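1. coords please:
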Amino acid sequence: MIAARIAPLFVIALGVSACNRDKGSVAPPRIDTAAELPSQSSTIVVPVSVSLSALEQQLDARTPTELWRIDKAEPRCVPGKQVKLFGKAVKVTPTLACRIVGHVRRGRIRLGGSGDTLTIAMPITAEISARDVGGIIKQETATGAAIVRATAKLSLDGNWSPVAKVDLAYDWTEPPGIDFLGQRIRFAEKADAKLKGVIAGLERDLPRELAKLRARDHLAQAWRQGFTAIQLNRERPPAWMRITPRRLGFGGYRIAGDRIELQLAAEALTETFVGNRPTDPVPTPLPPPAPQIGPRALRFFIPVLADYAQLEPVVQRALRKLAAKGIDLAGIGPVDAQFGKVTIYATENGYIAVGVQTKVKARSGVLPATSGEIWLSALPYNAENSQIVRARDVRIAGRSDSQAVNLLISLFDDVGVQANIRDALTHDFARDYNKVLIAARRAIAGHREGDFVLSADITDVRNGPIRVTGQGLFLPVQVAGTANIRFAPKR
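-> Now for the predicted structure:
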């Protein structure tokens, strides 16, 4: 019986001796997973607008002021009159010939409109004379006036060249004509035939004048310079947003005030990179116009990172405060603990590893003093859309239920010690979060690439769950807003 009792005590002694020689627990495997963010699809407005008054001046200069001129003999200027006498037609007045001389001139062309309809207003005046009327009247002159109104629907063809469809409508406010020998001689139809050519002229000239504004050249240049990377944050961590345009949609022309604007939207891939600037994407040629892509929306991620060096001194201070208050272990009694260097890094399955160099001695002297490095693991987590990160499931690495008698193991198995470590691992990202947001807003508020400026406004910010990466605790922040690229040449 005595031998049977001695055997377990001998095994326990061997266990204590072995723990003292190991001087701690085994460090968990270190992982170096990089902080990666998913790419987003964004739609960036690319307004190309021109002055309506500039287009008006160009169109006015191109259009001749004299729209029509006539100088011709008219054998039936005044048809003869007939009456029936004894059942037969008897001419009572002769048919009179004359010479018609005249012209139609226009006034200044005015452009206006709203929405997708361009309006063109052009006053015209007519002065037409009937000369040498039958050798009886030397000359009769008639004047008339009208306002020619046209509506133009503007579009683009597959090569980004302007196209116009013009509809012309007008009424004579004063139709040109003269009264002679009880008859009204009208000249409006003679002018009308010539004014129909105005439609063809406007349909030809409007696209030409719009083409002079080099909208396609500006678009091609904006498209090329859109393949770029924008620095969102300089440090802690350095972050870049890379833009890769994919399609350019055309939503028609829009007229507002004195501007005529091409409604364009570029669909682009927006990617966020942590670290050094990524290589710029290779520009592709300007693609044909795509159907309208949809509402504009800029989407990208910005990273908020807490490196593990920030957490290590916090854990060390918390443990030293606990040691100063005194630690009482169940079954052992009061102990004196000294906590040294703390090491934290990423390990498997979303956990972090926490190593603490420690020396502990039981005041009762029941167990020998022990020193070494104990490794624990903990799972960081945060609530949805919260910047406060906490830790749970703090345990000695590789162990779920320790029955060891080693003082180091007993110390870190203690509920109070683990609670202090768990609390010390709590990290509020709010300060870094706000700092990174401010930097990102500044970066995209007016980023210039050559003659083009990207202007963006952040309207919504959300953060996802914390991620454990080789670089640190990584809080992905999803940003949404609106953006446009405008042509602003350097002076």
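
2. Return the list of strands paired to whichever strand in the chain runs longest, each annotated with direction.
-> Assignment by DSSP state E gives strand 137-156 as the longest strand of the chain. Strand 137-156 pairs in its sheet with strand 117-133 (antiparallel), strand 162-174 (antiparallel), by DSSP bridges.

3. Can you give me the buried ones in the first one?
-> When burial is assessed from 16 or more other CB atoms under 10 Å, strand 117-133 yields the following buried residues: 118, 120, 122-124, 126, 128-131, 133. No exception for glycine: its C-beta is placed from N, CA and C like everyone else's.

4. Equivalent analysis for the last one, please.
-> Residues of strand 162-174 classed as buried under the neighbour-count rule (16+ other CB under 10 Å) are 162, 164, 166, 168, 170, 172.

5. Could you list the residues in contact with it?
-> For strand 162-174, the surrounding residues in contact (CB atoms under 8 Å, 6 or more residues apart in numbering) are 118, 120, 124, 143-157, 188, 195-196, 198-199, 202-203, 206-207, 210-211, 215.

6. which residues touch the residue positioned nearest the centre of the chain?
-> Nearest to the geometric centre of the chain sits residue 298, at 3.1 Å (CA atoms, centre = their mean). Listed by CB under 8 Å, 6+ apart, the contact set of residue 298 reads 42-44, 270, 444, 456, 479-483.

7. quick one on the thing from earlier: format the buried residues of strand 117-133 as CSV; extra columns: pLDDT.
-> Listed next are the buried residues of strand 117-133 as CSV, based on pLDDT from 0 to 100:
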residue, pLDDT
118, 88
120, 87
122, 85
123, 88
124, 83
126, 80
128, 79
129, 82
130, 80
131, 81
133, 73
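
8. Nearest to residue 415 among these?
-> Distance to residue 415 across the buried residues of strand 117-133 (CB to CB) is lowest for residue 118, with 78.1 Å.

9. Pretty sure residue 284 sits in a strand.
-> No: per DSSP: H, G, I helix; E, B strand; the rest coil, residue 284 lies outside any strand segment and is coil.

10. For residue 309, see how far away it is.
-> 43 Å (CB to CB, to the nearest Å).

11. repeat for residue 68
-> From residue 68 over to residue 309 (counting by CB to CB), the distance is 86 Å.

12. Looking at the two, which one has more neighbours?
-> residue 68 (20 against 10; other CB atoms under 10 Å).

13. Work out for me the element the more buried one sits within.
-> Residue 68 is part of strand 66-78 when elements are defined by DSSP states H and E.

14. just checking, what packs against that strand?
-> Judged by 3 or more CB pairs under 8 Å, 6 or more residues apart in numbering; DSSP states H and E, strand 66-78 is in contact with strand 96-106, strand 117-133, strand 183-186, helix 188-212.

15. how about CSV for these, with distance to residue 467 added?
-> As requested, the helices and strands packed on strand 66-78 are arranged in CSV below (distance: least, CB to CB, whole Å):
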stretch, distance to residue 467
strand 96-106, 70
strand 117-133, 52
strand 183-186, 85
helix 188-212, 51
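
16. ranking the ones you listed by mean pLDDT, which is last?
-> For the helices and strands packed on strand 66-78, mean pLDDT drops lowest on strand 183-186, to a mean of 60.

17. rewinding a little: just the contacts of residue 298: which are in helices?
-> Residues of the contacts of residue 298 located in helices (DSSP state H): residue 444.

18. Pick the one among the contacts of residue 298 closest to residue 238.
-> The closest of these to residue 238 turns out to be residue 444 (CB to CB; 15.8 Å).

19. which non-adjacent residue is nearest the closest one?
-> residue 456 (4.0 Å; CB to CB, 6 or more residues apart in numbering).

20. Likewise for residue 243?
-> Once flanking residues are discounted, residue 243 sits nearest to residue 268: 5.1 Å by CB to CB, 6+ apart.

21. do residue 40 as well
-> Leaving aside its chain neighbours, residue 40 sits nearest to residue 299 (3.9 Å; criterion: CB to CB, 6+ apart).

22. how close does the one you found sit to residue 167?
-> With distances taken as CB to CB, residue 299 is found 42 Å from residue 167.

23. cool, residue 95 as well?
-> 39 Å.

24. ok, now which ones touch residue 463?
-> Counting by CB under 8 Å, 6+ apart, residue 463 touches 304, 385-387, 429, 433, 475-478.

25. One more: residue 325?
-> Taking CB under 8 Å, 6+ apart as the definition, residue 325 has no contacts.

26. need the helices for this structure, in chain order.
-> With DSSP H as the criterion, the chain has helices at 2-22, 52-62, 188-212, 215-225, 308-325, 407-413, 415-424, 430-445.

27. okay, the ones you listed, which one's buried deepest?
-> Highest mean neighbour count among the helices of the chain (mean count of other CB atoms under 10 Å): helix 407-413, with a mean of 24.

28. for it, packing partners?
-> Checked by 3+ CB pairs under 8 Å, 6+ apart, helix 407-413 has strand 327-329, strand 333-346, strand 352-362, strand 370-381, strand 388-396 packed alongside it.

29. Show me what counts as buried in the last one.
-> If I follow you right, that is strand 388-396. 389-391, 394-396.

30. can you list those in JSON lines and add distance to residue 371 and pLDDT?
-> Shown next, in JSON lines, are the buried residues of strand 388-396 (distance: CB to CB, whole Å; pLDDT from 0 to 100):
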{"residue": "389", "distance to residue 371": "31", "pLDDT": "94"}
{"residue": "390", "distance to residue 371": "30", "pLDDT": "94"}
{"residue": "391", "distance to residue 371": "25", "pLDDT": "95"}
{"residue": "394", "distance to residue 371": "21", "pLDDT": "92"}
{"residue": "395", "distance to residue 371": "21", "pLDDT": "89"}
{"residue": "396", "distance to residue 371": "16", "pLDDT": "88"}
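
31. I'd like to know which of those residues is nearest to residue 374.
-> residue 396 (6.7 Å).

32. My read is that that closest one contacts residue 373, right?
-> No: with contact defined as CB atoms under 8 Å, residue 396 does not count as touching residue 373 (11.8 Å).
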